[in-house]
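Peer 1: How does the following fold in three dimensions:
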Amino acid sequence: MNASVPSTVSPLPDNRQSGTYPGDTDLVAQCRAGDLAAFDLLVERHQNRIFNLCYWMLGNRDEAADAAQDAFIRAYRSLANFRGDSAFGTWLHRIAVNTALDAVNRRKRAPLPYSDVNSSANDDEDAADIDSAPAQTDLAESQPVLAALRQERHIAVREALARLPENFRQVLVLFEIEGYPYEEIAVMLELPIGTVKSRINRARLRLKDELQGVRELFEE
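Peer 2: Purely as a prediction, here's the structure:
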């Protein structure tokens, strides 16, 4: 590919002409022909989910942003190897999972830095909602308390995920947070579906154990 590799991952300007976007397959073909604008569209379409995936894998917003950018750069450089056996998004998520795991390995299994655990709820708007909205008679009065509880739960789950083995963490993030079905996870991780299902079940049990110390946060 003759076009230079993009150095940053950022959405296109809002004043771009609206209309029906081409599919991922068409955009990939345009990218292979050297059309950087087509790659910008792919980034815009997938960047939120890729960042979210990296964020839950790494537990740190800055590291997640770096990993997401690295994943897109790797994907761009590897477009010639994309055969279309799976959806582009599935292929891209596989790259993002590997990129996030590389970042974890670079830490040499040091404890995760949670420098942003006290960030506002707005900072976590792209993360998965781990709470269902309870029925309240005085919603205006209860919302600050509920927001604080929800943030505490979010932090507890994020920290518990960080303590799981990498193979458990990745399947839980993909299944419970990203919402991918067993079949797509099997493709991403190149595992039999039976292994994926078994690993998810074991990961859920392990996560439950990790959350025992803060189980009062999840009691109604």
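Peer 1: Can you name the next helix or strand after the worst-scoring helix or strand of the chain on mean pLDDT?
Peer 2: For the chain, using mean pLDDT, DSSP states H and E, the weakest element among its helices and strands is helix 139-163, scoring a mean of 73. Downstream of helix 139-163, the next assigned helix or strand under DSSP states H and E is helix 166-172.
Peer 1: And that next one, what's buried?
Peer 2: 168, 169, 170, 171, 172 (16 or more other Cβ atoms under 10 Å). For every residue, glycine as well, the C-beta is placed using N, CA and C.
Peer 1: Would you enumerate the residues in contact with the residue nearest the centre of the chain?
Peer 2: In the chain, the centroid-proximal residue (Cα atoms, centre = their mean) is residue 53; its distance is 1.0 Å. By Cβ atoms under 8 Å, 6 or more residues apart in numbering, the contact set of residue 53 is 93, 96, 97, 100, 173, 174, 177, 178.
Peer 1: export those to JSON lines and tack on neighbour count, distance to residue 36 and pLDDT?
Peer 2: Shown next, in JSON lines, are the contacts of residue 53 (neighbours: other Cβ atoms under 10 Å; distance: Cβ to Cβ, whole Å; pLDDT from 0 to 100):
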{"residue": "93", "neighbour count": "25", "distance to residue 36": "22", "pLDDT": "92"}
{"residue": "96", "neighbour count": "26", "distance to residue 36": "20", "pLDDT": "94"}
{"residue": "97", "neighbour count": "25", "distance to residue 36": "25", "pLDDT": "91"}
{"residue": "100", "neighbour count": "27", "distance to residue 36": "25", "pLDDT": "91"}
{"residue": "173", "neighbour count": "24", "distance to residue 36": "30", "pLDDT": "91"}
{"residue": "174", "neighbour count": "25", "distance to residue 36": "29", "pLDDT": "91"}
{"residue": "177", "neighbour count": "20", "distance to residue 36": "31", "pLDDT": "86"}
{"residue": "178", "neighbour count": "18", "distance to residue 36": "27", "pLDDT": "87"}
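Peer 1: Please narrow these to those residing in helices.
Peer 2: 93, 96, 97, 100 (DSSP state H).
Peer 1: in which helix or strand would I find the nearest residue to the first one once chain neighbours are set aside?
Peer 2: Of all residues not flanking residue 93 in the chain, residue 188 sits nearest, at 5.4 Å (Cβ to Cβ, 6 or more residues apart in numbering). Element membership of residue 188, judged by DSSP H and E, is helix 182-189.
Peer 1: ok now that helix, how far from the chain's centre?
Peer 2: Distance of helix 182-189 from its chain centroid, counting by Cα atoms, centre = their mean, to the nearest Å, is 15 Å.
Peer 1: Between helix 182-189 and the very next helix or strand once past it, find me the angle.
Peer 2: Following helix 182-189 in sequence order, the next helix or strand is helix 193-210 (DSSP H and E). Angle, helix 193-210 to helix 182-189, by axes from the mean of the first three to the mean of the last three Cα atoms, to 10 degrees: 90 degrees.
Peer 1: Can you tell me which helices and strands helix 193-210 packs against?
Peer 2: helix 139-163, helix 166-172, helix 182-189 (3 or more Cβ pairs under 8 Å, 6 or more residues apart in numbering; DSSP states H and E).
Peer 1: That one - what's its average pLDDT?
Peer 2: Mean pLDDT, helix 193-210: 93.
Peer 1: Pull out the buried positions in it.
Peer 2: 196, 197, 199, 200, 203, 206, 207, 210.
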